[in-house]
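1. please work out how this folds:
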Amino acid sequence: MDFAYSPKVQELRERVTAFMDAYVYPAEPVFERQVSEGDRWQPTAIMEELKAKAKAEGLWNLFLPESELGAGLSNLEYAPLAEIMGRSLLGPEPFNCSAPDTGNMEVLVRYANEEQKQRWLEPLLRGEIRSAFAMTEPDVASSDATNMAARAERQGDEWVINGKKWWTSGACDPRCKILIFMGLSNPDAPRHQQHSMILVPVDTPGVAGIRLRRCAPRPCRSAVRQCARAL
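-> Just a heads-up that it's a prediction; the model follows:
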């Protein structure tokens, strides 16, 4: 495997490095001050300014391999850019390259229908909303996804989901509008074919969020779903 940087990647490395030096690193104390002085659950003004600058410079959605939606980079090509962005806690978000949105957007690109893409993927790509991935559960060893026990049952045209999830990063963000929920949908199938991912809007009746007291570096949310219905 050739690890040498292509001309395209070298140019992006230089542009991302320059952006980090000019805007992101100097913004770190501003970000910390705005978080400490304001509501920690509200987006900071400085982050929105950084996002607007990065988008204007074409440094946006660099993580996404599909060239018509992102930069068209392979994982190998994106890795050195992620390394540069990762030098700051603020780094990935100004470029719309922060988790869990990155993984969720890739799922939507590959598997969502056109209506779902229009409703959820497009505003995520524009950086207008955020998302969360609800997999980890309090009662099972969740590093093995086959252990997930929260149920997702098909009833007519709806999915009925029951269970608890926690460590659902980003769910407290007021911009978070959609959850990707992993649920046990076919317990009789082979072990690695038992689960489904369900799109659940955060305002779905039956979805409740419980804020944990401490989750370094800042509090986070445990999302509890009780008989929520999703189309």
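2. got the residue ranges for the helices in the chain?
-> 7-19, 25-37, 45-56, 75-85, 101-111, 114-116, 122-125 (DSSP state H).
3. what distance separates the fifth one from the centre of its chain?
-> The gap between where helix 101-111 is centred and where its chain is centred comes out at 9 Å by Cα atoms, centre = their mean, to the nearest Å.
4. just for this structure, where's the confidence low?
-> 210-231 (pLDDT under 70).
5. which parts of it belong to which domain?
-> As assigned by automatic domain parsing, the chain contains the domains 7-98, 130-230.
6. one step back: distance to Thr136 and mean neighbour count added to the helices of the chain, as JSON lines?
-> C-beta coordinates here come from the backbone N, C-alpha and C atoms, glycine included. Below are these laid out as JSON lines (distance: least, Cβ to Cβ, whole Å; neighbours: other Cβ atoms under 10 Å):
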{"stretch": "helix 7-19", "distance to Thr136": "31", "mean neighbour count": "15"}
{"stretch": "helix 25-37", "distance to Thr136": "25", "mean neighbour count": "14"}
{"stretch": "helix 45-56", "distance to Thr136": "26", "mean neighbour count": "16"}
{"stretch": "helix 75-85", "distance to Thr136": "23", "mean neighbour count": "17"}
{"stretch": "helix 101-111", "distance to Thr136": "14", "mean neighbour count": "18"}
{"stretch": "helix 114-116", "distance to Thr136": "23", "mean neighbour count": "10"}
{"stretch": "helix 122-125", "distance to Thr136": "21", "mean neighbour count": "18"}
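7. list the contacts of the residue nearest to Trp167 when sequence neighbours are not counted.
-> The shortest distance from Trp167 to any non-neighbouring residue, by Cβ to Cβ, 6 or more residues apart in numbering, is to Thr136 (4.5 Å). Going by Cβ atoms under 8 Å, 6 or more residues apart in numbering, Thr136 touches Ser142, Lys165, Trp166, Trp167, Thr168.
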